[in-house]
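Colleague: Generate a structure from the sequence data that follows.
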Amino acid sequence: MHGLGVLCGLAAGVWLGAAEAPTKLVDTGFSPFAISLCMVAGVFTARWTFPTLMKGTGFVFADLSAKRHLIVWAILAGALWAVANTLTVFAIRDVGLAIAFPLWNANSLIGLSWGVLLFGELKGAKTANKVKVTLGGVGIVIAAIMLGFSTLQGGSGASPNALRGLTAAAGASLMWGTMYVPYRKAYLSGMNPLSFVTIFTVGELVSMLLLTWTLDGSGSIMRLLDQRQMIFWLFLGGFVWVIGDLFQQFATKYLGIGRGIPLSNTNQLWGLAWGALVFGELAGADGRHLVLVLGGSLLMIAGALAISTAAACENEARAEDEAVQRERRRYGGFSPETPAPARRRWWDWAIVLAALALFVRLGIEARIPPLAMDWGWITALSVVLAIALGIGAWGLWVKTKFG
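Modeller: A predicted model of the protein is given here:
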């Protein structure tokens, strides 16, 4: 399944790269907490809609019931995601999308470390694979340093709040890198990604409500609600993120954390494209700043690809089987098999229709954000999104029927 995992990882990169574009609304003065909460609401809506549409709630709840020990892990993963996503909005506000995206994508190195330490990934790997992974990790660290330096140097490319933005991006990287631990536990247990992301949303939404209420109050949310025409774009970002994350979940399932996450982190190339081409973030940068940004981005992508292309050998497959058996002993011999598809009920279609109605209602009220944007590049990048979705979904359907 290595080839399918790579395909899912690349598709995830395209969609996850586009998902952060609506958070540029932070540049218009909205609170990062309010923006993140609205985006999470869109994620919550989408994460109940897509699994219901693809498999039905009967399948999802049968899978959850068979592996109840993973529910708390899925909620924890959702909480980590909510914190990380909020930090990314702060980072985008302070250093821009083009810089922040590659910085928080150092999470691939953190995820790789957890995979090796906790799940025995790379155990029994060939020397060539270990070299690829090591060099890829070193490349990611060097790239992060280059990108961080590009924001702290003097000149037209520097950000007045660079240190604060870098700290936020580093925090997001740590949260997202650790979030993959529950992911891996789920897939060693045989849970379907569609089931995992459904309960994942509970942790996201509850955590985001608590964060906003305790740290930001209700004023910023009310201000955003007064300008409801902007909410549609944040919901759209949530929908786009869910599609990308579903591809990322399948990549993690078939490749492991150490390979799947670095591959999906090619999203930074697409984040750079949206930031630089659509929003013109690098328009005023000097030559040295551009070299650091572009060089750091390409080096981090090269590191991620080196890690993800180190295909597992037979010895590694045996080590993964050992990890599966360890999880089964720990949680009382759960069945690793995915339940048979359940036929869809009337409430499945009601969930899908309710989500569609909400999206249409917000879309009717939507207005173009007060941001300078290049519509030619928006069109071109949207076409790439559609192509990636078609190829990725076709590959999953042909080989697994989304199983």
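
Colleague: Correct me if wrong: I75 contacts F200.
Modeller: Yes. Using Cβ atoms under 8 Å, I75 is in contact with F200, at 7.5 Å. For the C-beta atoms, the positions are set from N, CA and C on the backbone; glycine is no exception.

Colleague: who has more neighbours, these two?
Modeller: F200 (29 against 18; other Cβ atoms under 10 Å).

Colleague: does P193 really touch F250, like I thought?
Modeller: Yes. Using Cβ under 8 Å, P193 is in contact with F250, at 5.6 Å.

Colleague: All the helices of the stretch 201-350 of the chain, residue numbers only.
Modeller: Assigned by DSSP state H, counting those that start in this stretch, the stretch 201-350 of the chain shows helices spanning 219-226, 231-255, 257-264, 267-273, 287-308, 314-330, 346-365.

Colleague: who's in contact with the shortest one?
Modeller: Helix 267-273 is touched from outside by 12-18, 20, 97-98, 101-102, 105, 244, 293, 297, 300-301, 377, 381, 384, with contacts defined as Cβ atoms under 8 Å, 6 or more residues apart in numbering.

Colleague: returning to what we had before: compare P193 and F250 (neighbour count), which wins?
Modeller: Using other Cβ under 10 Å, the more surrounded residue of P193 and F250 is F250, with 30 against 25.

Colleague: Which residue is the nearest non-sequential neighbour of that one?
Modeller: The shortest distance from F250 to any non-neighbouring residue, by Cβ to Cβ, 6 or more residues apart in numbering, is to C8 (4.3 Å).

Colleague: Also G78?
Modeller: G203 (2.6 Å).

Colleague: ok, the spatially most central residue of the chain - contacts?
Modeller: Centroid-nearest residue in the chain, with Cα atoms, centre = their mean: D245, separated by 5.0 Å. Neighbouring residues of D245 by Cβ under 8 Å, 6+ apart: A12, L16, V197.

Colleague: which one of these sits closest to I351?
Modeller: V197 (14.6 Å; Cβ to Cβ).

Colleague: which residues touch that closest one?
Modeller: With contact set as Cβ under 8 Å, 6+ apart, V197 has these partners: R47, P51, V242, D245, L246, Q249.

Colleague: so which strand or helix has it?
Modeller: Assigned by DSSP states H and E, V197 belongs to helix 193-215.

Colleague: for that helix, what is the average pLDDT?
Modeller: Averaging pLDDT along helix 193-215 gives 85.

Colleague: Check stretch 296-310 too.
Modeller: For stretch 296-310, the per-residue pLDDT averages 77.

Colleague: Numbering from 77 from now on, please.
Modeller: Right, with 77 as the first residue, what we last looked at is stretch 372-386.

Colleague: Report the buried residues of that stretch.
Modeller: 372-377, 379-386 (16 or more other Cβ atoms under 10 Å).

Colleague: Leaving out sequence neighbours, find the closest residue to E280.
Modeller: In space, E280 is closest to G154, 3.9 Å off (Cβ to Cβ, 6+ apart).

Colleague: In the stretch 227-376 of the chain, where is pLDDT below threshold?
Modeller: Across the stretch 227-376 of the chain, the ranges flagged by pLDDT under 70 are 227-236, 294-297, 300.

Colleague: and which of the contacts of V273 is nearest to G336?
Modeller: Checking those against G336 by Cβ to Cβ gives Q325 as the nearest, at 8.7 Å.

Colleague: On the three-state scheme, the residue nearest to E280 is what?
Modeller: helix (DSSP: H, G, I helix; E, B strand; the rest coil).

Colleague: I'd like the distance between it and N161.
Modeller: 10 Å (Cβ to Cβ, to the nearest Å).

Colleague: Same question for F315.
Modeller: 14 Å.

Colleague: Which one's more surrounded, the two?
Modeller: A direct count of neighbours by other Cβ under 10 Å for F315 and N161 places N161 higher, at 28 against 21.

Colleague: Distance of the residue nearest to the centre of the chain relative to M255?
Modeller: 11 Å.

Colleague: Repeat that for N237.
Modeller: To M255, N237 is 26 Å away according to Cβ to Cβ.

Colleague: just T128 next, same as before
Modeller: 23 Å.

Colleague: swap in G371?
Modeller: From G371 over to M255 (counting by Cβ to Cβ), the distance is 28 Å.

Colleague: what about the two, which has more around it?
Modeller: Between G371 and M255, counted using other Cβ under 10 Å, M255 has the larger neighbour count: 24 against 15.

Colleague: Was I right to think that one contacts A160?
Modeller: Yes. Using Cβ under 8 Å, M255 is in contact with A160, at 6.9 Å.

Colleague: returning to what we had before: out of the helices of the stretch 277-426 of the chain, which one sits most buried?
Modeller: helix 333-340 (a mean of 30; mean count of other Cβ atoms under 10 Å).

Colleague: Just want the angle from it to helix 307-331.
Modeller: 140 degrees (axes from the mean of the first three to the mean of the last three Cα atoms, to 10 degrees).

Colleague: show me the residues around the residue lying closest to G314 once chain neighbours are set aside that make contact.
Modeller: Excluding the flanking residues, the one nearest G314 by Cβ to Cβ, 6+ apart is G118, at 2.3 Å. Neighbouring residues of G118 by Cβ under 8 Å, 6+ apart: L310, F311, L312, G313, G314, F315, W317.

Colleague: ok so, going back, relative to T277, how far out is the residue nearest to the centre of the chain?
Modeller: D321 is 11 Å from T277, where distance means Cβ to Cβ.

Colleague: Quick one: residues contacting V165.
Modeller: T99, V102, P108, I111, S112.

Colleague: Going by distance to L242, which of those wins?
Modeller: Among those, and counting by Cβ to Cβ, the member closest to L242 is P108, at 15.5 Å.

Colleague: Look at the closest one and report its pLDDT.
Modeller: 82.
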